[in-house]
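**Q** coords please:
(one chain, ligands or ions: 1)
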Amino acid sequence: MAWRGFRGPLGLPWLLPPPRARAALPGRLSSSCSQAGLGPVPPWLLRSGAFVGGRWLEGQAAFPVRDPATGLELSRVADCGAAQAQEAVRAAYEAGAAWGRASAKERGALLRKWHDLMIENKDSLARIITAENGKPLKEAQGEILYSASFLEWFAEEARRVYGDIIPSSAKDRRILVLKQPVGVATIITPWNFPSAMITRKVGAALAAGCTVVVKPAEDTPLSALALAELANRAGIPAGVYNVIPCSRQQAAAVGEVLCTDPLVSKISFTGSTATGKILLRHAAGTVKRVSMELGGHAPFIVFDSADLDKAVTGALMSKYRNSGQTCVCTNRFLVQKGIHDAFVEKFAEAMKRELFIGNGFDEGTTQGPLINEKAVEKIEKHIHDAVSQGASIIAGGKRHSYGKNFFEPTLLSNVTTSMLCAQEETFGPLAPLIKFDTEEEALAIANSANVGLAGYFYSQDPAQIWRVAEQLEVGMVGINEGIVSAVECPFGGVKQSGLGREGSKYGIDEYLEIKYVCFGGLQ
Ligand code: ADP
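**A** Next comes the predicted model:
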C-alpha cells in the first residue's frame with residue numbers, strides 16, 4: 001500500500017494513513033474516505049518509553065502498536081517486564097510520603113492543571129485514541145472530555161475528604177475518624193477507553209493522596225503515555241504517576257508484580273471478568289484492597305408501554321457506540337410481544353439510516369473497526385451459534401470488506417435464552433432480540449446473568465418503572481435512557497461485574513483508609 005511520502009514525528013509513517021479504496025458494499029460507508037489522517041499531533045505528545053519516577057525509560061525491548069483500521073504499525077512501545085514493574089512500584093512508594101502529606105488543595109491544583117493541559121491538547125489526544133483504538137474521531141473527542149472531567153472532578157473532591165467526630169459513650173473520650181490514603185495503587189486498564197479508564201481511577205487515587213503505577217492495555221498504550229507527558233508538564237511530582245506499558249506476553253508477569261508486591265496497597269482493574277479473577281487471586285496473598293470493574297451483559301428491555309421512537313434512539317446509542325465495545329453496551333434486547341414487530345422494523349430502519357462504517361478519521365463514520373481479529377471471531381461465533389439454533393439475521397451478519405477488523409452492525413431476531421449471545425458478553429456490534437410476554441419473564445431473563453453492570457428499560461408506566469428499576473440486578477439502571485455514564489454518577493456493578501464504584505462522590509473512598517482515633521483521659 002502506497003504512502004503519500006509523509007513520515008510522522010517519530011519517524012514513523014503514521015500521520016497520514018494511506019488512501020483506501022472504497023468498495024461497493026452491502027453495509028454503508030462514511031461519506032469521505034480516509035484522507036484525513038492523524039493530523040497535527042505534536043511530537044512531544046507521542047511517547048514510546050515507560051514513565052517511571054519522573055523519567056522516560058527508553059531503549060529497551062519494544063512491541064508494536066497497530067492501527068486496528070489499517071493494521072499498520074503506529075509505533076513501537078517499551079515492553080516492560082517484572083523488573084520494570086518492581087522499579088515503578090518502588091518509585092511510586094518513594095514518592096508516596098510527600099504526595100500523601102501535600103495539602104488536598106495542592107494536590108487538587110495539580111490535578112486541575114493536568115485537566116487544563118488535556119483540554120488544551122484535546123484534539124491531538126483524540127487523534128491518538130482514534131489511531132490506536134479505531135473509534136470515530138467524534139467519539140474520541142467525547143472520550144477526552146469525559147476523561148478530563150475526572151481530573152477536574154477529583155481536583156475538587158480532594159478537598160472534601162471529611163473525617164468525623166463521633167459522640168462517645170465515655171465522658172473522658174473523644175472519638176475521631178480520619179481518612180488517609182491507602183498507599184501505592186496499581187492500575188490495570190483496558191483498550192476500549194484508552195484515556196478515560198485511566199483518569200477515572202488515577203484522578204481519585206491522586207486526589208486521595210495515593211501514588212500510582214498504570215499498566216495500560218497492550219493495544220492502546222499511546223494514550224496512557226501522552227497522559228504521562230501532560231502530568232509531567234502539569235508539575236505532578238516524579239513518581240506519583242508511573243506508566244509501564246507491556247505486550248500481552250508480559251501482561252501476566254507484570255500483573256503479578258502489581259498485585260503481589262508488598263509495597264502495593266491497592267489494585268484497581270477494568271477488564272474482563274476472567275482476568276479480574278486472576279488478579280483477585282493474586283491480591284489475596286497479601287490482602288490488598290481491590291476495585292474491579294469487570295464484564296457486563298446489559299439487558300435493554302422494551303415494554304409495550306414504551307415510547308417506540310425514543311426506545312429505538314436509545315437502543316442505537318446503547319448498542320453501537322464504540323462499535324459495541326463497551327462493558328455497558330446493551331448485550332441483549334428483550335422486547336415485549338405487543339411492540340416487538342414494530343420495534344424490529346424501526347430498529348432496522350434506524351441502523352440503515354444512522355450507522356456508517358469507515359475509518360474513524362473519516363467524517364461521518366459511526367462504526368470503526370473492532371479492536372482485533374479475536375473480537376471479530378467472537379461476534380462471528382455468536383452469530384453462527386444463534387443462526388444454527390433458529391435466529392434470523394435482520395441486518396448485517398458478516399465481516400465488512402472495508403478491512404479485516406470491520407464487522408457489519410448486526411440485528412438478530414428470534415433469539416432465545418439458550419443461545420450463546422444471550423448468555424455471555426459479545427463486545428461487538430451485535431444486537432440480539434428476545435421476545436417476551438410478561439414483566440416477570442423479562443426480569444427473570446435479565447437477572448439470570450451472573451454479572452450485573454448496566455441495565456436499561458423503556459416504559460411509560462410509573463409503577464412499572466419503580467418495580468423494574470428496583471428489581472434489576474445491576475449496578476446502573478437507565479430508565480428511558482440508553483447512555484448513563486457521567487463523572488458525577490457512581491459507576492460499577494454487582495455480582496461478577498465487580499467490586500467498588502468509580503467517579504462520583506463515592507469514587508475517592510476506594511483509595512482511602514478509615515482510621516479511628518480514640519482520644520482518652522479527658523477527665
Ligand atoms: P481483553 O480480553 O479485552 O483484552 P483483558 O481483561 O484480558 O480484556 O485485558 C484488560 C487488561 O488486563 C489489559 O491491560 C491486559 O493487558 C491486562 N491483562 C490481561 N491478562 C492479564 C494478567 N494475567 N495479569 C495482569 N493483567 C492482565
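**Q** residue of the protein nearest the ligand, please.
**A** Gly255 (2.1 Å; Cβ to the nearest ligand atom). Where you see a C-beta, it was placed from the backbone N, CA and C, and this is true even at glycine.
**Q** so what pLDDT did that residue get?
**A** Per-residue confidence (pLDDT) for Gly255: 98.
**Q** so it is in contact with Val213, correct?
**A** No - taking contacts as Cβ atoms under 8 Å, Gly255 lies outside contact range of Val213: 11.3 Å.
**Q** more neighbours: which of those two?
**A** Neighbours were counted for Gly255 and for Val213 using other Cβ atoms under 10 Å; Val213 has more, 32 against 22.
**Q** related to what we said a few turns ago, residues in contact with the residue of the chain closest to the ligand?
**A** 188, 215, 275, 278-279, 282 (Cβ atoms under 8 Å, 6 or more residues apart in numbering).
**Q** Gly54: which of those residues is nearest?
**A** For the contacts of Gly255, the minimum distance to Gly54 (Cβ to Cβ) is 17.9 Å, reached by Lys215.
**Q** ok, which residues in this protein are in contact with the ligand?
**A** 188-190, 215, 217-218, 251-252, 255, 271-272, 275, 278 (Cβ under 6 Å from any ligand atom).
**Q** so among these, which ones count as buried?
**A** Buried members of the residues of the chain next to the ligand, scored by 16 or more other Cβ atoms under 10 Å, are 188-190, 215, 217-218, 255, 271, 275.
**Q** any idea which of these is the one closest to Val474?
**A** Within these, the smallest distance to Val474 is 18.6 Å, found for Gly271 (Cβ to Cβ).
**Q** which parts of this structure are helices?
**A** 82-101, 104-120, 122-133, 137-157, 196-208, 221-234, 248-260, 273-284, 308-320, 337-354, 373-388, 439-446, 462-471 (DSSP state H).
**Q** closest one to Ala486 among the ones you listed?
**A** Comparing the helices of the chain by Cβ to Cβ, helix 137-157 comes nearest, at 8.1 Å.
**Q** pLDDT (mean, whole number) over the closest one?
**A** Helix 137-157 comes out at a mean pLDDT of 98.
**Q** what packs against that helix?
**A** With contacts defined as 3 or more Cβ pairs under 8 Å, 6 or more residues apart in numbering; DSSP states H and E, helix 137-157 has these neighbours: helix 104-120, helix 122-133, helix 196-208.
**Q** tell me the most buried of those?
**A** helix 196-208 (a mean of 29; mean count of other Cβ atoms under 10 Å).
**Q** check contacts around the spatially most central residue of the chain.
**A** Nearest residue to the geometric centre of the chain (Cα atoms, centre = their mean): Phe193, 4.1 Å. For Phe193, the contacting residues are 143, 146-147, 322, 326, by Cβ under 8 Å, 6+ apart.
**Q** quickly compare the helices of the chain and say which is most buried.
**A** Ranked by mean neighbours (mean count of other Cβ under 10 Å), these are led by helix 196-208, with a mean of 29.
**Q** quick one on the thing from earlier: just the contacts of Gly255 now: which is nearest Leu74?
**A** So of the contacts of Gly255, ranked by how close each gets to Leu74 (Cβ to Cβ), first place is Lys215, at 19.0 Å.
**Q** so what's the closest residue to that closest one other than its chain neighbours bridging to?
**A** Among residues not flanking Lys215 along the chain, Ile188 sits closest, at 4.9 Å (Cβ to Cβ, 6 or more residues apart in numbering). Taking DSSP bridges as the rule, Ile188 bridges to Lys215, Phe269.
**Q** distance of Ile188 from Leu57?
**A** 19 Å (Cβ to Cβ, to the nearest Å).
**Q** what do you get for Glu132?
**A** From Glu132 to Leu57 the distance is 20 Å (Cβ to Cβ).
**Q** before we move on, what about Gly96?
**A** Taking Cβ to Cβ, one finds Gly96 at 20 Å from Leu57.
**Q** closest one to Ala62 out of the residues of the chain next to the ligand, please.
**A** For the residues of the chain next to the ligand, the nearest to Ala62 is Glu218 (11.8 Å; Cβ to Cβ).
**Q** check contacts around that closest one.
**A** With Cβ under 8 Å, 6+ apart, Glu218 has these contacts: 63, 65, 191, 245-248, 251.
**Q** contact partners for the spatially closest residue to Arg467 that is not a sequence neighbour?
**A** Leaving aside its sequence neighbours, Arg467 sits nearest to Glu439 (Cβ to Cβ, 6+ apart; 7.2 Å). Taking Cβ under 8 Å, 6+ apart, we find Glu439 in contact with 303, 464, 467-468.
**Q** could I get these as JSON lines with pLDDT?
**A** Putting these into JSON lines (pLDDT from 0 to 100) gives the following:
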{"residue": "Phe303", "pLDDT": "98"}
{"residue": "Gln464", "pLDDT": "98"}
{"residue": "Arg467", "pLDDT": "98"}
{"residue": "Val468", "pLDDT": "98"}
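**Q** and these, which two are furthest apart?
**A** Using Cβ to Cβ, the two most remote members of the contacts of Glu439 are Phe303 and Arg467, lying 10.8 Å apart.
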